[in-house]
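Asks: Quick one: sequence and predicted model below, then my questions.
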Amino acid sequence: MPAFDGGEDDRLAPVTPLFGAQPDAAAWHPAWRSDAHVESATPEDAEPGADRFADAERALLRRLRTRQLSVSEARTFLLTGAALERPEADALLEDFLRRGYLDDTALAEQLIHAATQRKGQGRRAIAQALSARGISREVSDAAFEELPDDDAERALEFARTKARQLGRYDDDTALRRLMGQLARRGYSGSVAATAARAALAENRSGGGVRFR
């Protein structure tokens, strides 16, 4: 399987759904600006372990301000980084899901958008990236249903940008190198071969080179 090309920073701001309604601004934004809701308990009112729970909540909010997390990533952070017990972590995750601070569907949509529009990646690489972020296959498949089936077009567009750099190589070497680059971008073998041949033929058409 081709290696995933993670050359760009995958850090993302709090998610904005691409294929549905926008989050309610009144419910969303104040929570990102203030931690007041996790600091309201006075010491005399606090239950045993409340400070640790509140500290974990604040820490997760800070993390989410700089990089959106999947539910799986947030759970790992709470269990390891914040040292919560599993029931405590699950309770906090449920609360964050209810408030919309965690949303695997919106995160998957945003990752797919970034991968296709900025990186020119194919579905295979995108699927690997989603899996690495702990996003379930069910959520990934649903997000992919909203993506146009245009791998061939994106592969050709990427191949055209790289074909110009391969003019010093013989035909077989140029084709092999370009197909390798496309494979690393997550395009299937047939899509990579077709795009590479077409891009090289276009680039060298003045010299009469044709790939068959």
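Replies: Great, that's in hand.
Asks: Break the chain into its domains for me.
Replies: Annotated domains of the chain cover 25-99, 104-145, 151-207 [automatic domain parsing].
Asks: Need the ones you listed in JSON lines (columns: mean pLDDT and mean neighbour count).
Replies: Placement of C-beta: from N, CA and C, glycine included. Listed next are the domains of the chain as JSON lines, based on pLDDT from 0 to 100; neighbours: other C-beta atoms under 10 Å:
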{"stretch": "domain 25-99", "mean pLDDT": "77", "mean neighbour count": "14"}
{"stretch": "domain 104-145", "mean pLDDT": "92", "mean neighbour count": "19"}
{"stretch": "domain 151-207", "mean pLDDT": "88", "mean neighbour count": "18"}
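Asks: Counting by contacts, list what the host helix or strand of Glu109 packs against.
Replies: Take DSSP states H and E as the rule and Glu109 turns out to sit in helix 104-117. Counting contacts by 3 or more C-beta pairs under 8 Å, 6 or more residues apart in numbering; DSSP states H and E, helix 104-117 packs against helix 123-132, helix 137-145.
Asks: I'd like the C-alpha coordinates of that helix written as PDB, please.
Replies: Provided in PDB are the C-alpha atoms of helix 104-117 (Å, rounded to 0.1, in the frame of the first residue of the first chain):
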ATOM      1  CA  ASP A 104     -16.000  13.400  13.900                       C
ATOM      2  CA  THR A 105     -18.200  13.900  10.900                       C
ATOM      3  CA  ALA A 106     -17.300  17.600  10.500                       C
ATOM      4  CA  LEU A 107     -13.600  16.800  11.100                       C
ATOM      5  CA  ALA A 108     -13.700  14.100   8.400                       C
ATOM      6  CA  GLU A 109     -15.300  16.600   5.900                       C
ATOM      7  CA  GLN A 110     -12.700  19.200   6.700                       C
ATOM      8  CA  LEU A 111      -9.800  16.800   6.300                       C
ATOM      9  CA  ILE A 112     -11.100  15.600   3.000                       C
ATOM     10  CA  HIS A 113     -11.500  19.100   1.800                       C
ATOM     11  CA  ALA A 114      -7.900  20.000   2.800                       C
ATOM     12  CA  ALA A 115      -6.500  16.800   1.200                       C
ATOM     13  CA  THR A 116      -8.300  17.300  -2.100                       C
ATOM     14  CA  GLN A 117      -8.100  21.000  -2.500                       C
END
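Asks: what's the angle from the host helix or strand of Thr161 to helix 104-117?
Replies: Taking DSSP H and E as the criterion, Thr161 maps to helix 151-163. Using axes from the mean of the first three to the mean of the last three C-alpha atoms, to 10 degrees, one finds that helix 151-163 and helix 104-117 are set 40 degrees apart in direction.
Asks: Return the alpha-carbon coordinates of the top helix by length along the chain using PDB.
Replies: Once the chain is assigned using DSSP state H, the helix that runs over the most residues is helix 50-66. What follows is helix 50-66, C-alpha atoms only, in PDB (Å, rounded to 0.1, in the frame of the first residue of the first chain):
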ATOM      1  CA  ALA A  50     -13.700  17.800  40.900                       C
ATOM      2  CA  ASP A  51     -10.500  19.800  40.500                       C
ATOM      3  CA  ARG A  52      -8.900  17.100  38.500                       C
ATOM      4  CA  PHE A  53     -11.900  16.800  36.300                       C
ATOM      5  CA  ALA A  54     -12.100  20.600  35.800                       C
ATOM      6  CA  ASP A  55      -8.400  20.800  35.000                       C
ATOM      7  CA  ALA A  56      -8.800  18.100  32.400                       C
ATOM      8  CA  GLU A  57     -11.700  19.900  30.900                       C
ATOM      9  CA  ARG A  58      -9.700  23.200  30.600                       C
ATOM     10  CA  ALA A  59      -6.700  21.300  29.200                       C
ATOM     11  CA  LEU A  60      -8.900  19.700  26.500                       C
ATOM     12  CA  LEU A  61     -10.500  23.000  25.600                       C
ATOM     13  CA  ARG A  62      -7.000  24.600  25.200                       C
ATOM     14  CA  ARG A  63      -6.000  21.700  22.900                       C
ATOM     15  CA  LEU A  64      -9.100  22.100  20.800                       C
ATOM     16  CA  ARG A  65      -8.400  25.800  20.300                       C
ATOM     17  CA  THR A  66      -5.200  24.900  18.400                       C
END
